[in-house]
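Visitor: got a structure for you, letters missing:
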């Protein structure tokens, strides 16, 4: 052994160490590959030795080689060997190598599990640290599952060094093994308040990362993070927290409101740009999520824009870039505030940095308005001229087109200007985007009817100067515009003034050098031109001229007939023959023009890109059904294609003829017109804005400016769009003057009547009327188009698995696997102790066999209660925290809804008496339905948003039993609970209704919500509510006040307004109903002065108000009944006429019960008091009676409850 | 953060840290592509670029490019700060660091990074505590092996 070691050390001296290797590689620059393969051979030898030091050295060298791009996966096993070295020096190298080259595909990775576990529990914190670091890079789902528990234990390690690493790595574990999230989460949450700042920031990091992916599960942590945000001074942590809030606010707008202030404070105070940037980003996100129109928000937006301006003005390119980036986010919702900084953005177009220029371009896209479009595009055109690299210039070109064409040319007021811009763009050499320009030309010419004349003249000019554009044909894509030019001139040839000249231009020999597809269009469209010239000449009686033009065609067409392009050749020869035939007829002096024109009759309309998809499937047509049975496999090969072909043809013909009668068509057309009328982008041909203008009474005498084309057509190369800009400005000026005139007139007329709101004239968007009767034809859609379908979410989202409800209590099955053979001290967190059987799954039968089963059950029940309480508390906390006004009352009777729903839907059922046992076994559909509902309901309780919803529903379904409650709350708080508000007291001034809810946070408190409604026409103020406390029940007063002091109601009531206030009462015993006397004193203020008034009332605390609707599952319910420590009592009520469903709903609603199970005319129900009494009911309905058997921990409570129920039922 | 790269102006990779386990082939492809993009940028350009579905934050220190790939919602400026801090750490540890230090002691550079960032998240925002941890871990190594040259000969 000793010899071996000595030998090892001697070998070692001849080995290369890392430095030698690096040096060697640097010295062998010419034959690096050869040298390295030599080194790898040496390393392989070294790895065969027993000496761990040699191995470690070899692995270290391999890690270096891996970075250079060499494959070292073959050494994975050796790496594990080095990882398991006892010495830290080697272990460190081993883990480093592993973290660099292990991934999920590495098969030996599963061998590491035990080694890593050993290192994790090493007494040396650096061993643990190095293992955690390594693991964070290569953790696999298997490793995550096996080690989750060990790492969770480390989160509570005594050394912060380990704790912080363990916390951070948990995020990786969650990603790989989502099941671990719920068990580990409570402890992770604890770490948010760890004394060590490093651990705390690690926990913040992890939770923020989790929450960013699935924010809704982390809403309940908002108060905690809010506290951290206002107390932390660490910018790294602050940035994370602010980012987290950015993710949460879209889910909870109230949170946004709360955030604005601290965030703006931070924006004002911080000197760290990163934090400032984050704050601005989050404020933007918050403001986006809040509904617009809130006061004060414009101030926040202004602040953000201001700060961003500072960033953009900074000389630091990075800040400039980010400023522009953030600006574009604001732009989406608050374009006005950004638009005022147009100068700055335009400045950025001159920046040296291309990425900044591109950002600025993006911004410009959103900044244009009718007013500034021309100006902006003009600036861009200058940049186009200056731009050096073609990529940036092309980018500019596409941006110009994007900017102009956005939202259906919304911002273009003068299409002549746009066409001339497009024409100017054709002067760009070497651009790849000729087809884009061409497409725009076509689109505008087709869709804007009014512009066709102008477009045609411009296109004719382009064709005439084709030699300039197509000088080096193949090398640039700009000749594509000739395609558009030729088509437009042909299709709209009636607008062409010098058709002859254009035709001649198209017939020039030079044309044959153009790409084939353009020539083909030329050929086709010259016939259109020819046809219109022919008609013109015939009508004018110039027969000779007509024959001349025919001759010209016959002379020139052969050059196309010889074309190598098939399409051109075919069209040309076809057309040549046609024209020869025409010539024959012309010689015979037969008028032909009409017939030739007929070849091209009819108008082509654009079809929307999605039109095909939106064709509705006609009724009765099942696209998935076979029309003919599919050919069976037994058919011979040759027959198959035939059949398929036949098949398809049939299907086609079906498609084309959906049988729709005339009436239906008319109806659809009407619907479409309606839709178009509602479409803001659909500019109707009549009445056009100007026409409407004319129609306004009293302004007929104002002449409408008719702009004629005062700009003569220009020689290409001369920018002329500028002239349009000037013209447009003049036009607008005129328009404005006219408007002012009109206004003055109106003022004169209306003087003395009322003051006009906007006497100060600002030129707003709407004031700029388009220059022409612009008629944008929208693209055609099939009749009765289907609404667009939404995109599905990406199913491959790796974070989807982490969308886990963290507020649900832990289930047994969710515990992390613990390695039994080792002594792991499992630290027990309260939640993992409070095991609760997963609600969906039935309890495992094994359990029943276990010893002292019943006691355990009881224990569990209690824990379940605790957990549920806590969980409900969470939701409550958030609400309490978020509300600035009096806190909203806790959830009320969510259970009542499904039953009532059922009552409304279900038919009255036959009444049968059935045995209790049968009920347990059989589950009626109805029961299943309601239990499903309940599960959903349960979830809903946790989300305040949903809460609102459910409350609303409750409101609707409970109209008959609840008094209507006016929502007078000033904030957009959730509606007050629409439950059984009972009348408390009433006088001519005020009406009070109240409802009592068990307080979920405290077992000896209830909350009384009182709605005050001002019935008078006076102002009610200084309201004060006082109650005479009893020994058992006391009103909770602010500290320091005596029992005789009243509690001021935190609002005043203008006439006709109602509002709700809450008062908390503490109780000792809840087994008896209570009545408390009280007084409301208030001041009535009206024109005659103010008077002091009083109103006495009696507050009735029924036993039912101490119950909290708690869902219970039939198995748990059965256990509860079996346990035998419940007292029993029963009642019977006669003369019941309402249906059983209705009856159950009443019990649920008024007495806060939930249905456990229901079979025909029997139902079991459950509820729980705020002090934890279980109340179980068995309700049976007879012919005209109802009997209720109750079981409860407390007999007094039970009998009181039953009495109350009897009273309710006897009213039915 | 998805990964961090250090490479020289000549396009030689000096350090790579992947916070998401990635197969070698993909790594190579990404590195090559990103290096090209970053090296092609002019010196006066800003340090951020959008690349694939990620954002890249890079900064050049002397002949070395430090380059981080972060996700869409991450803060660019704080990432820049992170890079800077890492450079400061290297500087403190090696005493005015140069490219050669990182080449010859690449494992140390990794160890420092590991103490500073873990799983793509910043681990400790205090430079002092990172350096302390590194020093102590080194000490552990030194104590057991008094003479660095003949590593491994003593049990």
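Guide: All right, it came through fine. This structure is a prediction, so every number in the text was calculated from the model and none was measured.
Visitor: give me the residue from the stretch 51-200 of chain A nearest chain B.
Guide: Using C-beta to the nearest C-beta, the closest approach of the stretch 51-200 of chain A to chain B is made by residue A:53 at 2.0 Å. Yep, even glycine has a C-beta here, placed from its N, CA and C like the rest.
Visitor: what about that residue, how many neighbours?
Guide: 27 (other C-beta atoms under 10 Å in any protein chain shown).
Visitor: with residue A:517 instead?
Guide: Neighbour number of residue A:517 under other C-beta under 10 Å is 13.
Visitor: what residue ranges in chain B score low on pLDDT?
Guide: Chain B contains residues with pLDDT under 70 at B:142-155.
Visitor: wait, residue B:86 touches residue B:64, no?
Guide: No - using C-beta atoms under 8 Å, residue B:86 is not in contact with residue B:64; the gap is 11.3 Å.
Visitor: confirm that the residue of the stretch 51-200 of chain A closest to chain B sits in a helix.
Guide: Yes - assigned with DSSP: H, G, I helix; E, B strand; the rest coil, residue A:53 falls within a helix.
Visitor: just to check, it is in contact with residue A:90?
Guide: Yes - assessed by C-beta under 8 Å, residue A:53 is found in contact with residue A:90 at 7.0 Å.
Visitor: give me phi/psi at residue A:1007?
Guide: Backbone torsions for residue A:1007, taken as degrees, to the nearest 10, come to phi -110, psi 130.
Visitor: how about the one 3 residues further on?
Guide: Comment: the main-chain dihedrals of residue A:1010 come out as phi -120, psi 130, following degrees, to the nearest 10.
Visitor: for the residue nearest to it when sequence neighbours are not counted, name its beta-bridge partners.
Guide: Nearest non-adjacent residue to residue A:1010, counting by C-beta to C-beta, 6 or more residues apart in numbering or on different chains: residue A:994, 4.6 Å away. Beta-bridge partners for residue A:994, by DSSP bridges, are residue A:982, residue A:1010.
Visitor: which residues does residue A:994 contact?
Guide: The contact partners of residue A:994, taken as C-beta atoms under 8 Å, 6 or more residues apart in numbering or on different chains, are A:981-982, A:984, A:1008-1011, A:1099.
Visitor: return the member of those residues nearest to chain B.
Guide: residue A:1009 (40.8 Å).
Visitor: does the closest one touch residue A:1062 like I think?
Guide: Yes - between residue A:1009 and residue A:1062 a contact is recorded at 5.1 Å, counting by C-beta under 8 Å.
Visitor: hmm, residue A:311 is touching residue A:323, no?
Guide: Yes - the criterion here is C-beta under 8 Å, and residue A:311 meets it with residue A:323 at 3.3 Å.
Visitor: looking at those two now, which is surrounded by more residues?
Guide: Using other C-beta under 10 Å, the more surrounded residue of residue A:311 and residue A:323 is residue A:323, with 26 against 22.
Visitor: which helix or which strand is home to the more buried one?
Guide: According to DSSP states H and E, residue A:323 maps onto helix A:317-333.
Visitor: list the buried residues in that helix.
Guide: Across helix A:317-333, burial judged by 16 or more other C-beta atoms under 10 Å in any protein chain shown covers A:317-331.
Visitor: quick one: mean pLDDT for that helix?
Guide: The average pLDDT within helix A:317-333 is 86.
Visitor: same thing with stretch A:90-105?
Guide: Averaged across stretch A:90-105, the pLDDT comes to 88.
Visitor: again with stretch A:668-677
Guide: On average, stretch A:668-677 scores 67.
Visitor: can the helix or strand harbouring residue A:94 be said to contact chain B?
Guide: Assigned by DSSP H and E, residue A:94 falls within helix A:88-101. Yes - applying C-beta under 8 Å from any C-beta of the partner chain, one finds helix A:88-101 touching chain B at A:88-90, A:92-93, A:96, A:99-101.
Visitor: which other helices and strands does that helix contact?
Guide: Counting contacts by 3 or more C-beta pairs under 8 Å, 6 or more residues apart in numbering or on different chains; DSSP states H and E, helix A:88-101 is packed against helix A:52-67, helix A:76-83, helix A:125-138, helix B:106-116, helix B:127-144.
Visitor: measure how whatever helix or strand comes next after it sits relative to helix A:76-83, angle-wise.
Guide: Sequence order places helix A:112-120 as the next helix or strand after helix A:88-101, per DSSP H and E. Put simply, helix A:112-120 runs at 20 degrees to helix A:76-83, going by axes from the mean of the first three to the mean of the last three C-alpha atoms, to 10 degrees.
Visitor: ok now helix A:112-120, how far from the chain's centre?
Guide: 42 Å (C-alpha atoms, centre = their mean, to the nearest Å).
Visitor: outside of that helix, which residues touch it?
Guide: Here helix A:112-120 makes contact (C-beta under 8 Å, 6+ apart) with A:80, A:83-84, A:91, A:98, A:127-128, A:130-132, A:134-135, A:142-143, A:146-147, A:150-151, A:154, A:819, A:822.
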